[in-house]
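**Q** dropping a prediction and its sequence here:
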Amino acid sequence: MNFRLTIPADLRGAVDAASADWQSNNKIDRFWKKDASLWTGDGEEQWLGWIDIVERQQRSLAELAELGGDVVSAGFKSALLLGMGGSSLCPEVLAKTFGPQAGFPELHIVDSTDPAQVLAACAAVNLGETLVIVASKSGSTLEPNILKQFFFEQVRRAVGAENVGSHFVAITDPGSKMEQVAKADGFRAIYHGDPQIGGRYSALSNFGLVAATVAGLNVGKLLNEAAKAVAQAKQPVGSNPGVQLGLLLGSAANAGRDKITIFTSPEIYDLGAWLEQLIAESTGKEGKGITPVDREAIGAPEVYGNDRVFAYVRLKSTADASQDAKVAALEAAGHPVVWIEIEDLYEIFGQFFTWEIATAVAGSVMGINPFNQPDVESAKIETRALTAEYEKTGKLPERDPVLKEAGIELYATDSYAATLRAATLNHSLTCFLRAHLNQLHAGDYFAVLAFLPMFAEHEAAIQTLRHKVRDSKHVATCLGFGPRFLHSTGQDYKGGPNTGVFLQITGQHAADAEIPGQSYTFGVVIDAQAAGDLAVLESRGRRALRVHLGTNITAGLNALNAAFDAVLG
């Protein structure tokens, strides 16, 4: 890895002071001794199992090799990994970065409760030739549990009750509910996580390595690259990329540059999705936070405010000179820029560890605990209450829309709706949207929270929409698909600074899917998750507007884009 930081003059003093503090107070050594006083002293030492996981996993290579041989001899053609957040994002990065490997099953990730997306994942593989990996640290997370129930029944129908268990593998912490289920259902194998590693720091544990093994990657090489990053992370500050990066991020956040914008070479684009969760869930709390901005195209310097840090991870062999020039223009304009170059895709595992170090260090500089997620549970509580209500009454609570127009409905709290109405000349879709977007000011960000199928056409339409806002309002923009972002950036949106302006997008389900053993469907679950997330945002005083589309999601998104064109010109 080649690594370089460009730090503008207005940040240089703070970064230099933080570097001197870490060097003079022996903080790198204290970090490796798991000294919780580096953070808040609130039990952080209990969550530092990840700092020595690489060495421990290298001792388990024989067990992983046995798994790889078993997968090949069994003749599996596909693998479905069911999980959320830290349990699924590293495997997703590996699947999208490396692609299918000869002789091994192609790895697919299922991390949605949207019925259309679940059904599409089911239809995309031959279940009789598929291995299903259920990944859940706690074993009690709603999404992997109901996905397991659904796919276990589907595979049972394909291969019979006597064979279904042999098509399933679990990755979970020892003694969890999922381990009990896996044993009862005769799973092919169970692999344990480390209870002292939180989900977002688990990429280099079995949660990443089992998926890598099943997909046919060279796990020994992956761990060797991670080990190089571990060695670098033990060096003094001046030779330590992870610590230097963390000192910059933490100092920048304290100074108001609290949004990190991630650019990559196309071949490694999905690294940003993993970084989103790591950074947002670790730092977004107590009114502080570093908001990650992923998949935003590189713009000219004038479309950015002074609240950004830019990180550019490039693959040397395919580096794009025009992309390099655009990032260099941001550097020349006085923005802080992190330049990282890797030569081999396998260095992704080194990136995982370097960014974990950086995030932990940034948390120390910011004075927060980067290993808890106090606001993630809030949306889960709301969702459980709503699904319980459905089980009692057969329907979810309903709200009255503040506007209905051309098949689109808008929802907001009474107080926020009054704010929007007071700023409009008439009560039309474009006027409400204009009033909502006019809430954006310097230092704010715009986030689209889409509880829709994460299909390419939907993502493309929303990407178009977000860039219109970025280029017109000169603010950072984010895009998350629910429910997966609830286990990622959702922590920052609720617990971080109140600088977000949110547009939640929901839709009518053209088809639904039953969940075996439950009275509710996947459609009910994702609707409850959307409602629960909106309720928590509203309770935190966030500026949030919900747009509900009809059953034709593509047509609805096109209409929404047209409305944004009318608003933004």
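**A** The structure has been received and is ready for your questions.
**Q** what sits against the residue nearest to P100 when sequence neighbours are not counted?
**A** Closest residue to P100 apart from its sequence neighbours, by CB to CB, 6 or more residues apart in numbering: E106 at 4.2 Å. To be clear about C-beta, it is placed using only N, CA and C from the backbone, and glycine gets the same treatment. By CB atoms under 8 Å, 6 or more residues apart in numbering, E106 lies in contact with 77-79, 95, 100, 215.
**Q** low-confidence regions, this protein specifically.
**A** For the chain, applying pLDDT under 70 flags no range at all.
**Q** list the buried ones in the host helix or strand of E66?
**A** Per DSSP states H and E: E66 is located in helix 61-74. For helix 61-74, the neighbour count (16 or more other CB atoms under 10 Å) marks 64, 67-68, 70-71 as buried.
**Q** export those residues to JSON lines and tack on distance to D111?
**A** Below are these laid out as JSON lines (distance: CB to CB, whole Å):
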{"residue": "L64", "distance to D111": "23"}
{"residue": "L67", "distance to D111": "22"}
{"residue": "G68", "distance to D111": "24"}
{"residue": "D70", "distance to D111": "25"}
{"residue": "V71", "distance to D111": "21"}
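**Q** what is the nearest of the residues you listed to A229?
**A** Set against A229, the nearest of these by CB to CB is L64 (19.5 Å).
**Q** now the closest one: closest residue in space, sequence neighbours ignored.
**A** T213 (4.7 Å).
**Q** who's in contact with that neighbour?
**A** Each residue near T213 by CB under 8 Å, 6+ apart is listed here: 64-65, 67-68, 71, 219.
**Q** ok, now with 7 Å
**A** Neighbouring residues of T213 by CB atoms under 7 Å, 6 or more residues apart in numbering: 64, 67-68, 219.
**Q** same question, A329
**A** So A329 contacts P301 (CB under 7 Å, 6+ apart).
**Q** is it true that it lies in a helix?
**A** Yes - with DSSP: H, G, I helix; E, B strand; the rest coil as the criterion, A329 is located in a helix.
**Q** from D114, how far off is A189?
**A** A189 is 29 Å from D114, where distance means CB to CB, to the nearest Å.
**Q** of the two, who's got more company?
**A** Each of A189 and D114 has its neighbours counted (other CB atoms under 10 Å); D114 has more, 26 against 18.
**Q** confirm for me that the more buried one is in contact with A450.
**A** No - at 9.7 Å, D114 does not count as touching A450 under the criterion of CB atoms under 7 Å.
**Q** quickly list what's touching both of the two.
**A** With CB under 7 Å, 6+ apart, D114 and A450 have no common neighbours.
**Q** what's the first helix or strand after the host helix or strand of V210?
**A** Following DSSP H and E, one finds V210 within helix 206-214. Next along the chain after helix 206-214, taking DSSP H and E as the criterion, comes helix 219-232.
**Q** mind listing residues that contact the next helix or strand after that next one?
**A** Using DSSP H and E, the helix or strand that follows helix 219-232 in sequence is helix 241-254. For helix 241-254, the surrounding residues in contact (CB under 7 Å, 6+ apart) are 1, 3, 5, 7, 11, 14-15, 18-19, 22, 28, 232-233, 237, 260, 288, 290, 309, 336, 338, 354, 357-362, 364-366.
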